[in-house]
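S.K.: Fold the following.
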Amino acid sequence: MRVRNNPNANNELLSYDKYIDTADKLQEILSLKENKSKKVFLEIGMGKGDFISKLASLDKDNIYIGVEISKPVLAIATRKIQKFEKENDISLDNLYLMSFDAIKLSEVFKKGQVEKLYLNFSDPWPKKKHAKRRLTYSSFLEEYKKVLKKDGIIEFKTDNRILFEFSLVSMQNFGMTFLEVYLDLHKTDVPNIVTEYEEKFSPNGPIYKLVARM
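M.R.: Predicted coordinates for the structure are as follows:
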């Protein structure tokens, strides 16, 4: 997701009380007595936060963490989340934001700490030489396996058929089990939280989704 550079993005994030800037701070929050029994749900590549803010609002009993590598994008997300809270008269005190590369996931989260991981409309990196950058490439799946609980779940959505087919093969080769596969999600009655990207681009073609277990 490309946005204009925001030289003040880091300062803006640091002033946001739900932004976590270090792994130690994350672990401190998750180790609090009131959080120990809660499940942790994680979105990688959260963009401007529409999906995870809606998800967190529907499940206030657990913890939701959105990760976005781009700090300017994440700064926009903080504003949108605050607007969402104001419009719906709620406080998403169970939603936290972080900024780091997903390949370093196991440096941030402990083994088996995450209940479920969401990948929504990740960059398809269409050139074959860039395949290793795709978030469903084996090196990323290895990171996910480290932090997901035993039999942890990955939910993946995309509008890019090539990336979807690549992901099916990559996950199958990794030994994952597919629980659900949809070739045109919007033509089903499956409950679905629509992302900002999805709302904008779904009229152009089908949305693909899979749910897979480690």
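
S.K.: Name the helix or strand for the residue positioned nearest the centre of the chain, please.
M.R.: Residue closest to the average C-alpha location in the chain (CA atoms, centre = their mean): residue 43, at 1.6 Å. For residue 43, the host element (DSSP states H and E) is strand 40-44.

S.K.: partner strands of that strand, parallel or antiparallel?
M.R.: Looking at strand 40-44 with DSSP bridges, its partner strands are strand 63-67 (parallel), strand 114-120 (parallel).

S.K.: which outside residues touch the last one?
M.R.: The set of residues external to strand 114-120 that reach it, using CB atoms under 8 Å, 6 or more residues apart in numbering, is 39-47, 51-52, 55, 62, 135-136, 144, 147-149, 152-157, 195, 197-198. C-beta: built from backbone N, CA, C; applies to glycine.

S.K.: Any idea how many residues pack against residue 25?
M.R.: By other CB atoms under 10 Å, the residues close to residue 25 number 13.

S.K.: Give the helix, strand or coil label for it.
M.R.: Here residue 25 is recorded as helix under DSSP: H, G, I helix; E, B strand; the rest coil.

S.K.: Could you tell me which residues within stretch 44-55 count as buried?
M.R.: Buried residues in stretch 44-55, counted by 16 or more other CB atoms under 10 Å: 44, 45, 46, 47, 48, 49, 50, 51, 52, 53, 55.

S.K.: Quick check: residue 76 vs residue 179, distance?
M.R.: 33 Å (CB to CB, to the nearest Å).

S.K.: now do residue 124
M.R.: For residue 124 relative to residue 179 (CB to CB), the value is 23 Å.

S.K.: more crowded one of those two?
M.R.: Each of residue 124 and residue 179 has its neighbours counted (other CB under 10 Å); residue 124 has more, 19 against 12.

S.K.: can you state the direction angle for the lengthiest strand in the chain and strand 114-120?
M.R.: As assigned by DSSP state E, the longest strand anywhere in the chain is strand 148-158. Counting by axes from the mean of the first three to the mean of the last three CA atoms, to 10 degrees, strand 148-158 lies at 10 degrees to strand 114-120.

S.K.: Can you spell out which helices and strands pack onto the helix or strand just after strand 148-158?
M.R.: Remark: after strand 148-158, the chain's next helix or strand is helix 161-173, criterion DSSP H and E. Under the contact criterion of 3 or more CB pairs under 8 Å, 6 or more residues apart in numbering; DSSP states H and E, helix 161-173 touches helix 138-147, strand 148-158, strand 177-182, strand 208-213.
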